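**Student:** what's the 3D shape of this:
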Amino acid sequence: MSLETRRLLFIIAGAAFLILSPLILLYTSGYRMSRDFKITKTGGIYISAPKSGSEIFLDNKLKKKTNILQSGFFIQNLTPKTYSVLVGKEGYWPWQKNLEVKEQFVTEAAAFLVKRDPEGRIILKGAFIDMFASPYEKILMFTEKTSSQSSLKKISFYLPEKDEFLVKNSLETQKALSFYGSISEMSWARDEVIFKTEGGVVNAKFDLNNKNVDAFYLAPKDVSGLELDDPYAKVKKQIRIWRDLRNTIWADWLDNDNEPPYYLCGADKCVFPKQVFVSRFPVKNIDFFPYRRDVVIAAIRNGVFAIELDDRGGKLLQPIYKGKEPNFAVFQNEEKVYVLDEENLLEIGL
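**Tutor:** Numbering: from 1, shown residues only. Alright, predicted model coming up:
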């Protein structure tokens, strides 16, 4: 090889180094070329999928299969744009969103999966009209008919784990737990519930060791200052959800000292109260999905559904139960839903 050839190769190599070095530096610093040939800073995506064995796809490419130790997927250095994210697991409805990745930000989302054919069993039968769940103990509160000829209703308390009702200790308790109309306001504590009917405000106190209940009407002086709420409104870790008379489900952030979670804020900004879902049919009841505060359960018309609060890239609604006119109750520390339909109480695994 001649000296001139070596010099030419050296010049070419030097020129290539000078041209490529900035590109390599930009690449290693997290910059990419966009579709319109502009240099942009990259972002990332983090997807959590609590169900072990879930498959996570990004733009139709399998990226991760979760297990007991790893329930999420994180990918960085993504060019800013909108990505299709799909999470699936055999036997469950798929979860899919179109999520935007922005420069120097990690877009976060939490998948939720609902069984296509959940297993359930009838655990109780009765003339039940409505039910409520204690947020503290595993107690279901039923309202039920006294007879087909009377509009008088009665209240009973049921322990689903024990398959037992709490015994009403006295005639006073039986009278206090009988009412006309509906329950308009309610407040739970660990060993009691206070609720308001047309007849007044009732305090029912539980003795779970002896499996009984005492109930009595509160005097007007004792009612003053009580903080009762809509019996169908729920609060969990600073998020309050409720439904209004126009069949709309709402969510609000109660913590003024801290930023709300991403799933309450949408794509651009946080506006409260947040409209979660508008139904054409009456919304009978709502509550949070067990172990979650970004997903609500709602009884609407002939079904019970899971609805996510996060409306980025489309809001998902997944069916849990289809029947006639179901209502439901959940305890937040177990993956079950109790469905009341056609005077049957069913226990269904989530």
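**Student:** identify the residue nearest Asn258 in space, chain neighbours excluded?
**Tutor:** Gln238 (7.8 Å; Cβ to Cβ, 6 or more residues apart in numbering). No exception for glycine: its C-beta is placed from N, CA and C like everyone else's.
**Student:** what is the neighbour count of the one you found?
**Tutor:** Gln238 has 15 neighbours, counted by other Cβ atoms under 10 Å.
**Student:** I figured it hits Leu254, correct?
**Tutor:** Yes - with contacts counted by Cβ atoms under 8 Å, Gln238 reaches Leu254, the gap being 4.7 Å.
**Student:** ranges for the helices of this structure?
**Tutor:** For the chain, the helices defined by DSSP state H occupy 3-28, 171-176, 220-223.
**Student:** report the beta-bridge partners for the residue at minimal distance from the centre of the chain.
**Tutor:** Here the mean C-alpha position of the chain is nearest to the C-alpha of Val295 (Cα atoms, centre = their mean), at a distance of 1.7 Å. When assigned by DSSP bridges, Val295 has beta-bridge partners Glu308.
**Student:** quick one: it and Ile286, what's the gap?
**Tutor:** As for Val295, its distance to Ile286 is 11 Å (criterion: Cβ to Cβ, to the nearest Å).
**Student:** joint contacts of those two?
**Tutor:** By Cβ atoms under 8 Å, 6 or more residues apart in numbering, Val295 and Ile286 have no common neighbours.
**Student:** one step back: can you pull the pLDDT of the residue nearest to the centre of the chain?
**Tutor:** pLDDT, Val295: 97.
**Student:** correct me, but it touches Ile307?
**Tutor:** Yes - counting by Cβ under 8 Å, Ile307 is a contact partner of Val295 at 6.9 Å.
**Student:** can you list the weak-confidence ranges in the stretch 51-200 of the chain?
**Tutor:** Scanning the stretch 51-200 of the chain for pLDDT under 70 picks out nothing.
**Student:** for the stretch 201-350 of the chain, same thing?
**Tutor:** Residue ranges of the stretch 201-350 of the chain with pLDDT under 70: 267-268.
**Student:** okay, strands next: where are they in it?
**Tutor:** Using DSSP state E, counting those that start in this stretch, the strands of the stretch 201-350 of the chain run over residues 212-217, 234-236, 239-243, 248-253, 274-278, 283-288, 295-300, 303-308, 317-322, 327-329, 336-341, 344-349.
**Student:** of these, flag the one that's most buried.
**Tutor:** strand 295-300 (a mean of 24; mean count of other Cβ atoms under 10 Å).
**Student:** other residues contacting that strand?
**Tutor:** By Cβ under 8 Å, 6+ apart, strand 295-300 touches 112, 241, 243, 249, 251, 276-277, 279, 281-289, 304-309, 320, 326-328, 330, 337.
**Student:** specify the angle between that strand and strand 283-288 in degrees.
**Tutor:** Inter-element angle recorded for strand 295-300 and strand 283-288: 160 degrees (by axes from the mean of the first three to the mean of the last three Cα atoms, to 10 degrees).
**Student:** distance from strand 295-300 to the middle of the chain?
**Tutor:** 8 Å (Cα atoms, centre = their mean, to the nearest Å).
**Student:** just stretch 286-301 next, same as before
**Tutor:** 5 Å.
**Student:** return the distance of Lys168 relative to Met186.
**Tutor:** 19 Å.
**Student:** settle it for me: which of those two has more neighbours?
**Tutor:** Lys168 (21 against 18).
**Student:** and Leu340, bridged to which residues?
**Tutor:** Asn327, Leu345.
**Student:** for it, give me its contacts.
**Tutor:** Phe128, Asp130, Met131, Pro326, Asn327, Phe328, Ala329, Leu346.
**Student:** cool, and Thr173?
**Tutor:** Ala204, Val213, Asp214, Ala215, Phe216.
**Student:** for the nearest residue to Ser170 once chain neighbours are set aside, what are its contacts?
**Tutor:** Sequence neighbours aside, Asp214 is the residue nearest to Ser170 in space, at 6.9 Å (criterion: Cβ to Cβ, 6+ apart). Asp214 makes contacts with Asn169, Ser170, Thr173, Ala204, Lys205, Asp207, as judged by Cβ under 8 Å, 6+ apart.
**Student:** dig out what Asp214 forms beta bridges with.
**Tutor:** With DSSP bridges as the rule, Asp214 is bridged to Lys205.
**Student:** any idea how far it is from Thr143?
**Tutor:** Distance from Asp214 to Thr143, by Cβ to Cβ: 19 Å.
**Student:** now swap in Ile45 and tell me
**Tutor:** 46 Å.
**Student:** which one's more surrounded, those two?
**Tutor:** More neighbours surround Ile45 than the other of Ile45 and Thr143, with 22 against 19 (other Cβ under 10 Å).
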